[in-house]
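A.B. asks: Sequence first, predicted model second:
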Amino acid sequence: MPIPPATRSPRSPRRVILAITAGILLVIAAVAASGIGNPLHDFSPYQGRAAVTVVCAVLGLSIIAALLLRP
């Protein structure tokens with residue numbers, strides 16, 4: 001008896017949207033991280049830059065992990 005094909009497409013629209021969202025979050029984290037060690041940004045009003053970097057990076061990596069580990 002043959003095994004039925006998988007019912008879920010590997011490129012479902014939901015997975016594509018999640019992958020794009022993860023990529024955007026990681027880009028935001030990279031841009032925010034680029035100014036952390038810059039002395040010109042030490043006195044700027046953007047003092048939450050480290051928090052934005054960590055939150056975006058964790059969310060982006062969590063979404064990627066969920067996409068890769070989900071059967």
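C.D. replies: Okay, I see it.
A.B. asks: ok, how many other residues are close to Leu18?
C.D. replies: Per other CB atoms under 10 Å, the neighbour tally for Leu18 reads 16. (Each C-beta comes from the backbone N, C-alpha and C, glycine too.)
A.B. asks: Can you list the buried residues in the strand or helix carrying it?
C.D. replies: Taking DSSP states H and E as the criterion, Leu18 maps to helix 13-34. Across helix 13-34, burial judged by 16 or more other CB atoms under 10 Å covers Leu18, Ala22, Leu25, Leu26, Ile28, Ala29, Ala32, Ala33.
A.B. asks: If you count contacts, what does that helix end up packed against?
C.D. replies: With contacts taken as 3 or more CB pairs under 8 Å, 6 or more residues apart in numbering; DSSP states H and E, helix 13-34 sits against helix 49-69.
A.B. asks: so who does Leu69 touch?
C.D. replies: Listed by CB atoms under 8 Å, 6 or more residues apart in numbering, the contact set of Leu69 is empty.
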